[in-house]
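Student: quick one: sequence and predicted model below, then my questions.
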2 protein chains.
Amino acid sequence: MGLAYPYTVYRGTFIHLPRLESSSGTPELIRNQGVMWVSSSDGRIKGSDWKVTDDASFQSFLSSHGWSDANSTTSGSGTEVQVVQSDDERNEFFFPGFIDSHIHAPQFPNIGLFGSSGLLDWLNEYTFPMEASFGSKSDPENKQTDPKDTPPEGLRVYDEVVARTLAHGTTTASYFATIHVPATNALAKLCQIHGQRAFIGRVCMDNHDQCPSYYVDQSAEEGFNATIRTIDYIQKLDPTGKLINPIVTPRFAPSCSNASLDGLGKLAASYDPPLYIQTHISESTDEVALVQQLFPESSSYADVYDKANLLTNRTILAHGVHLTKDERTLIRERGSKVAHCPASNSALGSGLAPVRILLDDGLDVGLGTDVSGGYSPSILEVCRQACLVSRLLQFSSEYQDMTGNKSTNGTEKLSVEDSLYLATRGGASVVDMPNDIGGFDQGMIWDAQLIELGAVQNSTTSPLDATPVNSIARRGYVDGPGPVGNVDLFGNETWQEQVQKWMWSGDDRNVKFVWVNGVLVHTRE
Amino acid sequence: MGLAYPYTVYRGTFIHLPRLESSSGTPELIRNQGVMWVSSSDGRIKGSDWKVTDDASFQSFLSSHGWSDANSTTSGSGTEVQVVQSDDERNEFFFPGFIDSHIHAPQFPNIGLFGSSGLLDWLNEYTFPMEASFGSKSDPENKQTDPKDTPPEGLRVYDEVVARTLAHGTTTASYFATIHVPATNALAKLCQIHGQRAFIGRVCMDNHDQCPSYYVDQSAEEGFNATIRTIDYIQKLDPTGKLINPIVTPRFAPSCSNASLDGLGKLAASYDPPLYIQTHISESTDEVALVQQLFPESSSYADVYDKANLLTNRTILAHGVHLTKDERTLIRERGSKVAHCPASNSALGSGLAPVRILLDDGLDVGLGTDVSGGYSPSILEVCRQACLVSRLLQFSSEYQDMTGNKSTNGTEKLSVEDSLYLATRGGASVVDMPNDIGGFDQGMIWDAQLIELGAVQNSTTSPLDATPVNSIARRGYVDGPGPVGNVDLFGNETWQEQVQKWMWSGDDRNVKFVWVNGVLVHTRE
């Protein structure tokens, strides 16, 4: 679908958030109604026409381009194009796909399993054993690169995580895999099969003091060579890098030797264009203290990465909960980006990230699920958590110390618009694709989702006349005449309020179709 | 269903949390497999047999009671009983129904609409206009008591909120209605029609300085008389009080004159047994300051209610975010209960309630959605938020001041078991029914839900062999062979881990059936 015809014409309601000139601006939702058309050759938006308001003007529009609707029974003359419509009666609209700028694919089976532990305990108790299981038993040294050497369980997990995130409207994901080459390559291959835009990182971790003996790169050099094998595989898999890209992934400073950090910085810089880089920074206070202890020669956590040339304008830093002013300045100067992961930060008790301060300091911020520190693969859930955490920030002693005041002015609170901006435009900047994805500007790639909120319920019979038997009603499903999932519309909402209701109550049931590069990659039905 | 036969036999897997001797104990999930039987005459559990493990022992069990399965094709001799089975292959289990100890039914259409305002602004901007719309235009003085005098929109809202909360497994709800008598009575009637256990409160608010002119009791006496009319209606509707009960509902101290507070305290005490009471306490710091200003003669917010004899052992106090030690002591001495509403407290930026301190101080605590300060009608969502907020509590300066220490010992963190206990046993105590609902003890009422997590996915083909076309898979729906909703099982989870995954990822899709008083009141299909 989408490839058999030279163009796909999307008709109906389009909602997105125009790009802000500066990260500290106030995002605004914009709605347009009419048509946009996307070329099948490159998946990009070639034009829009907001004067197309009814069937007659739509036919004129098609004729003026020399097109006819391939699905229409009254076939016109002209080149056949595909037409995809949103249904106003069902309160449907096109929205940019979500960008998950930080997710650990192998941890997906651990979703919801935390104990009550903090970050460092949780890594040892839950995360490392799960990640270790992605190694091929026949390949203890990870010399092979064939994805099929991945254990069947690992393949199943990766298949599920890609399908699940797509089902939640995630069109782009920046994945941490494991240390294993075959399994990392398998994740890349599965993203290609599913059609999800992805950055795939083999995790580097060679500090034997900080990593478990059963799950560690034997040396910096071994990790380095294994990483190159995944880069080679991925660049052969998608030579254009149009869908799948490798990303250099030192796990985080405590997991890596200085030799490894330095080598990975050089490795990324040795490609043209330089490779993407992702890692963690300043997630929990225990971790920050550990980094100070392990890297006494560095002035800060961010400085550890900077000394290794790992802070580039294609670097994604996950979390950034407890960054100092100096670190924020350094990160901005280097052009590195931050993936805000509030669901994870709350679940692991890592802290409350002061997102507004990061934005006001000029940093690019996107959202990450951080599965399975985060308990949900849904970026919409992360939007909710970003709003909630921002409203609790005023109570944080750390935040009060930062602002020098116990009473806040409220600017730290993120609105629905702020959160949705971070989920789309913000994420696009974080993966260094601000001109390609995250919105519906002409020339951008059609990475999009069709959201269906469902119809307003209008019953003519009084519920007081109901009997117990027929009050046993099906609720919350997609094939009924009323609401879809948990978004309840009563008919008096503005379109902006409909979007607010979607952010607070929506889930994967509201995601009807998902496209990446103009190709349909997920359908709910 | 459930009434045509003298007994219903539930067969399969039962999970609940046994009652703790003290609120400061550590809850534990318990799983039993076998049968429980419930009498249709009173909806109570008459017995259980955990030795019934297979079809043969089940037939022996039926025979020994002189029963036969009404649905069995090979009809045996004996009295026919209904049999309801949970399906192990689908990872189904029976769980006690949830108790929502604080919810505003008329605010349901405002779910997800907050602006970025705090409590007091939000009341004026969103809440009061919505609640005012439940008044009958033909009845400006609210003299009538006929539920049918409710505006059609109001009836539709109340019908939806009852159906929705049931769909999320809420078997008991303590509702705030509005000031309007017909609409309050309509809510009671609709709960009866749907079969939901409910406490229905006409909201009292007669302080003209603090309430909008369009939505206020004209005098304490008028509010008093209107309240009595709803009590009369509800007690006639359900003379036994087995399903529906009135609850005296001063909105919160700032909304009420001293005359109104005193009168309502006396009114509740004048019934035998005394009527239930519900109100708000100490939700936001602005509100606490306002109460100090409005009631200078009282030593604390709790003292305002105590002076009016509103702190009884059948009183539900919503929120309690910022209670002082003296207030906690007073509330415990009076035996009043607290409804913890973390989703609302975070969404409105009200604060982080120190639940462990409340429990350790001997208070009974349950959970409330606080729709629409809370953005979800799901108590399972509130369980998640209770866990999340408890893990952020360590960062709260108010909490650090309470404990006198910036580093916490971690006991403030709520586990999955803690949250599910609050949602069931805790809520049962809050509505003063600890011996009747919230668990599966013999003699308790069958208020329960059948949870379906879905099957473990086992594919024999490698996902690497998939093509883009067949990778467009339906995910997250109830009628597929694999997972239900967002709970993903991989087959290696313990049953306790399955429950954890349910709490973190579950939603209404996982609620297959709901019973109240032994009667089936909701079915998902």
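Tutor: All right, it came through fine. Residues are numbered from 1 along each chain as shown, chains lettered A, B, ... in the order given.

Student: leaving out the residues flanking it, which one is nearest to the residue of the stretch 1-150 of chain A found nearest chain B?
Tutor: Taking Cβ to the nearest Cβ, chain B has its nearest neighbour within the stretch 1-150 of chain A at residue A:112, 3.3 Å off. C-betas here are computed from N, CA, C, even on glycine. Excluding the flanking residues, the one nearest residue A:112 by Cβ to Cβ, 6 or more residues apart in numbering or on different chains is residue B:504, at 3.3 Å.

Student: same for the host helix or strand of the one you found, what does it pack against?
Tutor: Using DSSP states H and E, residue B:504 maps to helix B:495-505. Helix B:495-505 makes packing contacts with helix B:379-392, helix B:416-421 when contacts are defined by 3 or more Cβ pairs under 8 Å, 6 or more residues apart in numbering or on different chains; DSSP states H and E.

Student: residue A:350 touches residue A:283, doesn't it?
Tutor: Yes. Applying Cβ atoms under 8 Å as the test, residue A:350 and residue A:283 come out as touching, 5.1 Å apart.

Student: tell me the buried residues in stretch A:322-341?
Tutor: Using 16 or more other Cβ atoms under 10 Å in any protein chain shown as the test for burial, stretch A:322-341 gives A:322-323, A:327-328, A:330-331, A:334, A:336-341.

Student: closest one of these to chain B?
Tutor: residue A:322 (10.3 Å).

Student: just the strands in the stretch 201-350 of chain A please.
Tutor: A:203-204, A:244-250, A:276-281, A:315-319, A:337-340 (DSSP state E, counting those that start in this stretch).

Student: deepest in the core, which of those strands is it.
Tutor: strand A:337-340 (a mean of 30; mean count of other Cβ atoms under 10 Å in any protein chain shown).

Student: hmm, back to that, looking at the strands of the stretch 201-350 of chain A, which is nearest to chain B?
Tutor: The nearest among the strands of the stretch 201-350 of chain A, by Cβ to the nearest Cβ, is strand A:244-250 at 13.5 Å.

Student: chain B contacts on the stretch 201-350 of chain A?
Tutor: Counting by Cβ under 8 Å from any Cβ of the partner chain, the residues of the stretch 201-350 of chain A lying close to chain B are A:346-349.

Student: one more time with 7 Å
Tutor: Within reach of chain B by Cβ under 7 Å from any Cβ of the partner chain, the stretch 201-350 of chain A has these residues: A:346-347, A:349.

Student: just among these, which is most surrounded?
Tutor: residue A:346 (27 neighbours; other Cβ atoms under 10 Å in any protein chain shown).

Student: can you get me a residue count around the closest residue to that residue other than its chain neighbours?
Tutor: Nearest residue to residue A:346, sequence neighbours excluded (Cβ to Cβ, 6+ apart): residue B:388, at 4.2 Å. By other Cβ under 10 Å, 26 other residues sit near residue B:388.

Student: from what I can see residue B:388 touches residue A:344, true?
Tutor: No. The criterion here is Cβ atoms under 7 Å, and residue B:388 misses it with residue A:344 at 10.4 Å.

Student: and the residue of the stretch 151-300 of chain A closest to chain B?
Tutor: For the stretch 151-300 of chain A, Cβ to the nearest Cβ, closest residue to chain B: residue A:159, 3.6 Å.

Student: name the nearest residue to that residue, ignoring sequence neighbours.
Tutor: Distances taken as Cβ to Cβ, 6+ apart put residue B:463 closest to residue A:159, at 3.6 Å, once the chain neighbours are dropped.

Student: what sits against the one you found?
Tutor: Applying Cβ atoms under 7 Å, 6 or more residues apart in numbering or on different chains, we find residue B:463 in contact with A:155-156, A:159, A:190.

Student: pLDDT below threshold where in the stretch 151-300 of chain A?
Tutor: In the prediction, the stretch 151-300 of chain A carries no residues with pLDDT under 70.

Student: turn the helices and strands packed on helix B:495-505 into JSON lines, columns for mean pLDDT.
Tutor: Below are those laid out as JSON lines (pLDDT from 0 to 100):
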{"stretch": "helix B:379-392", "mean pLDDT": "98"}
{"stretch": "helix B:416-421", "mean pLDDT": "98"}
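
Student: and those helices: which comes nearest residue B:21?
Tutor: When those are compared by Cβ to Cβ, helix B:416-421 sits nearest residue B:21, at 13.0 Å.

Student: and the closest one, what does it pack against?
Tutor: helix B:379-392, helix B:495-505 (3 or more Cβ pairs under 7 Å, 6 or more residues apart in numbering or on different chains; DSSP states H and E).

Student: who's in contact with the first one?
Tutor: The contact list for helix B:379-392, computed with Cβ under 7 Å, 6+ apart, reads A:346-347, A:349, A:352, A:392, B:98, B:100, B:168-170, B:340, B:342-343, B:346, B:352, B:355, B:367, B:369, B:374, B:412-414, B:416, B:419-420, B:422-423, B:503-504, B:506-507.

Student: one more time with 6 Å, if that's ok
Tutor: A:346, A:349, B:98, B:100, B:170, B:342-343, B:352, B:367, B:369, B:412-414, B:419, B:423, B:503, B:506 (Cβ atoms under 6 Å, 6 or more residues apart in numbering or on different chains).

Student: ok, now how distant is the residue nearest the centre of chain A from residue B:375?
Tutor: In chain A, the centroid-proximal residue (Cα atoms, centre = their mean) is residue A:100; its distance is 1.1 Å. As judged by Cβ to Cβ, to the nearest Å, residue A:100 and residue B:375 stand 22 Å apart.

Student: same thing with residue A:336?
Tutor: Counting by Cβ to Cβ, the gap from residue A:336 to residue B:375 is 33 Å.

Student: could you pull up the residues touching residue A:45?
Tutor: The contact partners of residue A:45, by Cβ under 6 Å, 6+ apart, come to A:36, A:38, A:442, A:444, A:446.

Student: hang on, the earlier thing: can I get the contacts of residue B:463 in a markdown table including secondary structure?
Tutor: A markdown table is the format used below for those (DSSP: H, G, I helix; E, B strand; the rest coil):
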| residue | secondary structure |
| --- | --- |
| A:155 | helix |
| A:156 | helix |
| A:159 | helix |
| A:190 | helix |
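
Student: now, the most widely separated pair of those residues?
Tutor: A:156 and A:190 (10.2 Å).

Student: who has more neighbours, these two?
Tutor: Between residue A:156 and residue A:190, counting by other Cβ under 10 Å, residue A:190 is the more crowded of the two (28 against 19).

Student: thought residue A:158 was touching the more buried one, still the case?
Tutor: Yes. Counting by Cβ atoms under 6 Å, residue A:158 is a contact partner of residue A:190 at 5.1 Å.

Student: for the stretch 51-200 of chain A, what spans make up the strands?
Tutor: Under DSSP E, counting those that start in this stretch, the stretch 51-200 of chain A gives strands at A:67-69, A:79-85, A:92-96, A:98-104, A:170-176, A:197-201.

Student: tell me which of the strands of the stretch 201-350 of chain A lies nearest to residue A:408.
Tutor: Comparison of the strands of the stretch 201-350 of chain A against residue A:408 by Cβ to Cβ identifies strand A:337-340 as nearest, at 18.5 Å.

Student: just checking, what packs against that closest one?
Tutor: For strand A:337-340, the elements it packs on are strand A:315-319, strand A:364-367, judged by 3 or more Cβ pairs under 6 Å, 6 or more residues apart in numbering or on different chains; DSSP states H and E.
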